[in-house]
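A.B. asks: Provided below for reference: sequence and predicted model.
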Amino acid sequence: MADAAKSVLDVGTAVRQGEELNTEVVTSWLRTQGLTLSKQPELTQYSGGASNWTYRLKYTEADLILRRPPKGTKAKGAHDMGREFRIQSLLKPVYPYVPTMVGHCADESLIGCEFYVMHRIEGIIPRKHMPRGVHLSREQARQLSINFLDHLIELHQIDIQKSGLDSLSKGNGYTRRQLEGWNQRYDKAKTWNVSSFKKVRHWLELNCPEDVKLCMIHNDWRLDNVVLNPNNPTEIIGTLDWELATVGDPLMDLGSAITYWVQGDDNFLMKMLQRQPSSLPGMMTRREMVNYYMEKTGMQTNNWTFYEVFGLFRIAVIAQQIYYRYHHKQTRNPAFKNFWIMVNYFDWRCRTLIKKLG
């Protein structure tokens, strides 16, 4: 790989205070997984994730990623490292963009929690902006957004029976169960300074559709969860962060994807929330993304606003769960200090979309 390409790779930064990792213990465990490791690793931490903690362990013999849950109160079923490990293990044979797994450790006595380790995919992880030195023309930006959707469509077309992923399914009623579940999560994580979402939640309950179909979904499909080829940054070579993946309705997956998608003509508040370079000139708009997906898959809906509003509500709940940990001093990460403002903004944005229906 050329030096210029290497300079834009995402390799992590110094480990945050209070989130240190015992590499000696981890290295000993990795050796029991069949890896030959002669020395302790060079350790860095990725700052992009606001949920699970992610570390890079760079050994002479192997370049690895360790994922573990955060400290503090967790929603029931959240941060399940064993589940995330199993999903990727099942996906790898049918969806090659998933990292190669090394092993899962359920013994919490080693580092204070369960964790899993996988091989690192070397490439560009696009954060709020593309890395310095990476410039996309309008044509390249549009191609990246097309590839981004095509990879999602490819995921939705996996044969879940043959791959064994159907074991994740709870059957029909996914959309309704999601609405009920995220309502409960919000109630448990609510603090005094955020909206109740009363009107939004009532509207969602009245307008909840039946499932379009059931398939494998990612549930957190964003550009900062993909890895790009450093020699061709429109090409997606890896997909990350499968914590929320399951068998569900593909339009729910698309809805969550576009609600993260900040476009060039959005207001300043929405742009403050940007976590991926989706506003680059040439990138698809949210409406173009929905139209492209529907045309390519042949799906139809006369209730698209539901999926977009639900996607925004779900993001609000995730942000509130993270803020709850900060509010109760279970994390020191200063990036979470103003998440309550984001939550209130999402309530306003949901109500604005509903009002447009008349």
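C.D. replies: Perfect, thanks for sending it.

A.B. asks: For G18, which non-adjacent residue is spatially closest?
C.D. replies: R332 (5.5 Å; CB to CB, 6 or more residues apart in numbering). Every C-beta, even on glycine, is put in place using the N, C-alpha and C of the backbone.

A.B. asks: could you measure the one you found against V15, distance?
C.D. replies: 13 Å (CB to CB, to the nearest Å).

A.B. asks: Over to M284?
C.D. replies: In terms of CB to CB, M284 sits 37 Å off from V15.

A.B. asks: And for G173?
C.D. replies: 42 Å.

A.B. asks: tell me which element the residue most central in space within the chain falls in.
C.D. replies: Among the residues of the chain, the one closest to the centroid is D220, at 3.6 Å (CA atoms, centre = their mean). Assigned by DSSP states H and E, D220 belongs to no helix or strand.

A.B. asks: Over to the closest residue to it other than its chain neighbours: give its phi and psi.
C.D. replies: Spatial nearest neighbour of D220, excluding adjacent residues (CB to CB, 6+ apart): L244 at 5.0 Å. The phi/psi pair for L244 (degrees, to the nearest 10) reads phi -100, psi 0.

A.B. asks: ok, now V15?
C.D. replies: phi -70, psi 130.

A.B. asks: picking up where we left off before, neighbour-wise, which of M284 and V15 wins?
C.D. replies: Neighbour count, other CB atoms under 10 Å: between M284 and V15, M284 has more, with 21 against 14.

A.B. asks: could you check the distance from the more buried one over to T13?
C.D. replies: Applying CB to CB to M284 and T13 gives a distance of 31 Å.

A.B. asks: Which residue ranges of the stretch 151-300 of the chain form helices?
C.D. replies: In the stretch 151-300 of the chain, the helices defined using DSSP state H, counting those that start in this stretch lie at 160-163, 174-189, 198-206, 250-259, 268-272, 286-297.

A.B. asks: Now do the contacts for G103.
C.D. replies: 29-30, 33, 85, 116-117 (CB atoms under 8 Å, 6 or more residues apart in numbering).

A.B. asks: Then L66?
C.D. replies: 21, 26, 54-55, 57, 115-117.

A.B. asks: Sort out for me which of these are in helices.
C.D. replies: Among the contacts of L66, the members falling in helices (DSSP state H) are V26.

A.B. asks: Let me know the closest of the contacts of L66 to D80.
C.D. replies: Closest to D80 out of the contacts of L66 is Y116 (10.3 Å), distances taken as CB to CB.

A.B. asks: wait, the closest one sits on A106?
C.D. replies: No. Using CB atoms under 8 Å, Y116 is not in contact with A106, being 9.4 Å away.

A.B. asks: tell me the pLDDT at Q157?
C.D. replies: At Q157, the model reports a pLDDT of 97.

A.B. asks: swap that for T246, please
C.D. replies: 97.

A.B. asks: State the number of residues packed around it.
C.D. replies: 20.

A.B. asks: in the sheet, who's paired with it?
C.D. replies: Beta-bridge pairing of T246, defined through DSSP bridges, involves I217.

A.B. asks: on contacts alone, who are the packing partners of the top helix by length along the chain?
C.D. replies: In the chain, assigned by DSSP H, the helix with the most residues is helix 304-327. Packed against helix 304-327 by the contact rule (3 or more CB pairs under 8 Å, 6 or more residues apart in numbering; DSSP states H and E) you find helix 174-189, helix 198-206, helix 250-259, helix 339-355.

A.B. asks: Now do the strands in the stretch 51-200 of the chain.
C.D. replies: 53-58, 63-68, 101-105, 115-119 (DSSP state E, counting those that start in this stretch).

A.B. asks: So for the third one, mean pLDDT?
C.D. replies: For strand 101-105, the mean per-residue pLDDT is 97.

A.B. asks: ok, now the last one?
C.D. replies: The pLDDT scores in strand 115-119 average 97.
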